[in-house]
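>>> compute the structure for the input listed below.
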Amino acid sequence: MAEKGASRGPARRFWSLPRKRRGAPGRHKPDEIMHQDIVPLCAADIQEQLKKRFAYLSGGRGQDGSPVITFPDYPAFSEIPDKEFQNVMTYLTSIPSLQDAGIGFILVIDRRQDKWTSVKASVLRIAASFPANLQLVLVLRPTGFFQRTLSDIAFKFNRDDFKMKVPVMMLSSVPELHGYIDKSQLTEDLGGTLDYCHSRWLCHRTAIESFALMVKQTAQMLQTFGTELAETELPNDVQSTSLVLSVHTEKKAKAKEDLQLALKEGSSILESLREPLAESTSHSVNQDQLDNQATVQRLLAQLNETEAAFDEFWAKHQQKLEQCLQLRHFEQGFREVKSTLDSLAQKIATVTDVGNSLAHVQHLLKDLTSFEEKSSVAVDRARALSLEGQQLIENKHYAVDSIHPKCEELQHLCDHFATEITKRRGLLSKSLELHSLLEMSMKWCDEGIFLLASQPVDKCQSQDGAEAALQEIEKFLETGAENKIQELNKIYKEYECILNQDLLEHVQKVFQKQESTEEMFHRRQASLKKLAAKQTRPVQPVAPRPEALTKSPSPSPGSWKSSESSSSEGSALRRGPYRRAKSEMSENRQGRTGSAGDEEESLAILRRHVMNELLDTERAYVEELLCVLEGYAAEMDNPLMAHLISTGLQNKKSILFGNMEEIYHFHNRIFLRELESCIDCPELVGRCFLERMEEFQIYEKYCQNKPRSESLWRQCSDCPFFQECQKKLDHKLSLDSYLLKPVQRITKYQLLLKEMLKYSKNCEGAEDLQEALSSILGILKAVNDSMHLIAITGYDGNLSDLGKLLMQGSFSVWTDHKRGHTKVKELARFKPMQRHLFLHEKAVLFCKKREENGEGYEKAPSYSYKQSLNMTAVGITENVKGDAKKFEIWYNAREEVYIVQAPTPEIKAAWVNEIRKVLTSQLQACREASQHRALEQSHSLPLPTPSSTSPTKGNTRNVKKLEDRKTDPLSLEGYVSSSLPKPPEKGKGWSKTSQSLEAPEEDGGWSSAEELVNSSDAEEDGGVGPKKLVPGKYTVVMDDEKEGPDALAMRSGDTVEVVEEGAEGLWYVRDLTSSKEGWVPASSLSTLLGKSSSAQCLSSSGKTQCARQLCPEPAKILSPEPV
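I've put the predicted structure just below:
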């Protein structure tokens, strides 16, 4: 519940306001004018009536101090309304003090210039309506003889009419008046010396009364404001308390301003009252003037007292409000700090991981240090807040009972957090010590295995060689005392606090590996000791058994901080023996007569070390990604770092980091764990890549964003935010080096897979490794192609509508169009155009390559779109006379011809093959559509299955993948050859070629509506040249021997069916005589078939015949109209 403000008592009574009581003796009190039982008239209210001056209070006094009211000669006295007369009499009689008014008033009625009748009427009127006590009435009767005589007679006869409570004295002259009232108390018109100015008197009375009213209103305002302050409830939050304090301070300033104005006004009036005396020291001051001065002085004193009392009250109220604001700030800070410390304590309590390797523990310790550094801000704030609370207590804050417990709780939270940090560091230190011991043991085992594997068997056959090898082994075994695990029970006891189930199993595996290694050494020692003795026959030493290796766990990485670009010292030490062993094995293999088991053991060691490198670099890669995401990306959302982020970097996190978080989660949660599951069977790692090939597509998105990321980095690389993050992470390299890691990693996999494949050719997973390598190379090609594709500018349509990008590359292009004068114009262009071609499934795009200035990705080229050709109307001529690197792409029956020159013949061949595949696919689609329509019309046969004629689905897995993933020379990785492809599935062979019955023989090329074999070479060279093979039946003219497991041996006279063309120039052939199938090189097949009549589809006449045999459907189906 909100606290109340300052106590109400002082607010209501910080000044005293006594009231005036009518008739009480004595002069005015300080507040007589402000507080009277009957509110008197004010001079301002009857100012016009007072200005008539038919009566005035001159300030004179009788001998006993009676106030003198003078009625001067006023001819129109009888015409004054009774109300006005009554108001003036009431006001004049209210001015003297109660004491003077109690003595009674002396009235001086001057009627010297008047008539007796008016004198009588005036006296009677005054006597009838005078509101106060009268002591004496002095009448100066008319001075004229007649009137004076008449007044004497009339006064005697009418004395009863003047019966009053006081005597009425008729005076004949002014000297007689002086006998009753001293001359100093009479004005000059009555022969006195009293200085009186009616207008000045009226001005002073108006000012004094106005000032009195101002004092009264100011006092009431302060009274109301004080009550408001006293009744204010103190708010419960910082904002409301600040608002209340601000509003009250503003109101207090306004009240003080009004108070100062009142004081200034009173001082001005007092100075005006004292002015006559200041002008002349001989000037006499009457009693009324003295009373006026005293009244103003008392009002000013009252105002000063009121101001002092209010200031005292305000000081107390302000102090309480300020203390309330301090309390609210303290409470708010307490809630925030407590929440932060609770969160930190909960976080450190939930983290129980003690690491699974030396590098992991080192990373955890580094994370703990970083966590402690980040948490120190909250801890320091908590301690500072506790000190602030103690200071409030020392300053006698009103809420001590609330502040003190919070200070104690803050101190407890800080101490508890420090204890948890210390406890966590102790556990990690123990884990680091244990993992260091395990690492040393594993390193010792690995070095021992290398030693055994690298000892040349042939040299050990001699006595000297055996002794040298034995000494080498014994010397190595001596190092085991420092590096081996001595007592397993001792390890269990010493590290009981950190031994979870995983770590316990790890310790047991390391110990088993250690025992297995020692057993291998003992066997080798026994063998060598026999060899060292006098030998009667050669003895083959025992090599390390492979099963001993497979039981041993993978050694932990020496350092997870090595990058793909530069290896750490631990990685160099790890690969050193690996390369040395590989080199020595290669040298010794020629002269070694050992068993196949020794070689397989050596290959197993090499596979294991490739696997170790894959795992080590994968773990390091995951850690580096996490480091970037936590140390940079997460910090961009940290409010404490917001001031360091430049304007150009705000809200750009997704541009700078791309989908790095998605890549991290894939590798950390999925891929790394699957790789670790293959640690005992490295040769099976290819399956991990094949099963996750779709997930690797995320790298294409990352690489496509890389140019934008690099551009943003160059603009903001000097931002203090990056420098601060790099300093916290203790990185030697800046962020851009780590943003390049995903690109480096995806290219690293194919190198490791090649290395693994080299040592696994006869293993179970060799085929998967080969396929995984091809798949990774395909991904690299797709990434590379997509990087080029996003650089195309000026294309109005949607590139995705063109189908999959198959190939891209730069070429020299000449044009030869058959469109009137255009041909002449284009032929005049002897210098070729440089164009970058993009081959899609549905179109081929011609673009102009534009190199950009800059660095990194800014230097990457862009491509200006020039034109595109729809593949439904495209044909090609494979060879152009005079240049093996040229081929033709023609459009709309050679209306447009583009002569394309590739950089190398290999690139040309790759493009021609790929275009052939696209045209073949279109032709097959045409055939299927034709068959579909024909069968629908006849209703005689079921619909054909698309897979039976589809060239893409009819191929085997290896052929398909190799064709789909074949890369151009500009991709990230070069083309990788494949092993011999598998035979096609039964019933799924496809006819490679067909020829339109209406195809013009003079065209030396083919399209999707024509024979796919180009005959331009034979025609241009006079029929000389290698024959082109097409699917069909042939007769073998020569004998052939089988050269491989999948190869087919044929004999002269056999009838064979050429089924399809595979990769690497191989054709799949079915021997109809022996019912055998197999792969045959195209060159050998051409020789074996010779001039078989069934193969005469190479000439222009033969083409038509083949077309009739292989494609009996109507010719109109084979010549689709261009889209």
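>>> show me where the stretch 651-800 of the chain has strands.
792-793 (DSSP state E, counting those that start in this stretch).
>>> all helices of it, in order?
Here the stretch 651-800 of the chain has its helices, by DSSP state H, counting those that start in this stretch, at 653-657, 660-666, 672-676, 685-691, 698-716, 720-729, 735-739, 741-758, 766-789.
>>> most packed of the ones you listed?
Among these, helix 766-789 has the highest mean neighbour count (mean count of other C-beta atoms under 10 Å), at a mean of 22. Bear in mind the C-beta positions are built from the backbone N, C-alpha and C, glycine included.
>>> next, the angle helix 741-758 makes with that helix.
Interaxial angle of helix 766-789 relative to helix 741-758 (axes from the mean of the first three to the mean of the last three C-alpha atoms, to 10 degrees): 150 degrees.
>>> any idea how far helix 766-789 is from the chain center?
34 Å (C-alpha atoms, centre = their mean, to the nearest Å).
>>> residue 200 versus the residue nearest in space to the middle of the chain, what's the distance?
In the chain, the residue lying closest to the centroid (C-alpha atoms, centre = their mean) is residue 637, at 3.8 Å. Going from residue 637 to residue 200 by C-beta to C-beta, to the nearest Å gives 80 Å.
>>> and what of residue 250?
Distance of residue 250 to residue 200, computed by C-beta to C-beta: 41 Å.
>>> between those two, which is the more surrounded one?
residue 200 (15 against 10; other C-beta atoms under 10 Å).
>>> what's the spacing between the more buried one and residue 58?
Computed with C-beta to C-beta, the distance linking residue 200 and residue 58 is 12 Å.
>>> residue 370 too?
In terms of C-beta to C-beta, residue 370 sits 96 Å off from residue 58.
>>> neighbour count: those two, which is higher?
Set residue 370 next to residue 58 and count neighbours by other C-beta under 10 Å: residue 58 wins out with 24 against 16.
>>> got the contact list for the closest residue to the more buried one other than its chain neighbours?
With C-beta to C-beta, 6 or more residues apart in numbering as the criterion, residue 58 has its nearest non-adjacent residue at 4.6 Å, and that residue is residue 196. Counting by C-beta atoms under 8 Å, 6 or more residues apart in numbering, residue 196 touches 56, 58, 59, 187, 188, 286.
>>> can you list the helices and strands that the helix or strand the third one falls within packs against?
When secondary structure is defined using DSSP states H and E, the element that contains residue 59 is strand 56-61. Secondary structure elements in contact with strand 56-61, counted by 3 or more C-beta pairs under 8 Å, 6 or more residues apart in numbering; DSSP states H and E, are strand 67-71, helix 198-231, helix 287-350.
>>> what's the angle from whichever helix or strand comes after the last one to helix 287-350?
The one in question is helix 287-350. Using DSSP H and E, the helix or strand that follows helix 287-350 in sequence is helix 358-394. Angle of helix 358-394 versus helix 287-350, following the same axes, to 10 degrees, is 160 degrees.
>>> pretty sure residue 107 sits in a helix.
No. Assigned with DSSP: H, G, I helix; E, B strand; the rest coil, residue 107 falls outside any helix and is strand.
>>> which element, helix or strand, includes the nearest residue to it once chain neighbours are set aside?
Leaving aside its sequence neighbours, residue 107 sits nearest to residue 137 (C-beta to C-beta, 6+ apart; 4.7 Å). According to DSSP H and E, residue 137 maps onto strand 134-140.
>>> identify the residues contacting that strand?
Strand 134-140 has contacts (C-beta under 8 Å, 6+ apart) with 62, 64, 66, 103-112, 119, 123, 126-127, 164-174, 177, 180-181, 190.
>>> which residues of the stretch 351-500 of the chain score low on pLDDT?
Applying pLDDT under 70 to the stretch 351-500 of the chain flags residues 457-458, 461.
>>> what residues are up against the closest residue to residue 606 other than its chain neighbours?
Spatial nearest neighbour of residue 606, chain neighbours left out: residue 759 (4.5 Å); criterion: C-beta to C-beta, 6+ apart. When contacts are counted by C-beta under 8 Å, 6+ apart, residue 759 touches 603, 606, 607, 610.
>>> give me phi/psi at residue 759?
phi -100, psi 10 (degrees, to the nearest 10).
>>> what helix or strand is residue 888 on?
Here residue 888, judged by DSSP H and E, is contained in strand 886-891.
>>> which elements pack onto that strand?
strand 874-877, strand 896-901, helix 905-938.
>>> most packed of these?
strand 874-877 (a mean of 22).
>>> and it, what does it pack against?
Using 3+ C-beta pairs under 8 Å, 6+ apart, strand 874-877 is in contact with strand 886-891, helix 905-938, strand 1006-1007.
>>> of the ones you listed, which is nearest residue 616?
Residue 616 lies closest to helix 905-938 among the helices and strands packed on strand 874-877, at 36.4 Å (C-beta to C-beta).
>>> angle of the closest one against strand 886-891?
Orientation check (the same axes, to 10 degrees): helix 905-938 against strand 886-891 gives 30 degrees.
>>> residue numbering should commence at 40 henceforth.
Shifting the count to begin at 40 puts that one at helix 944-977.
>>> mean confidence score for helix 944-977?
For helix 944-977, mean pLDDT rounds to 86.
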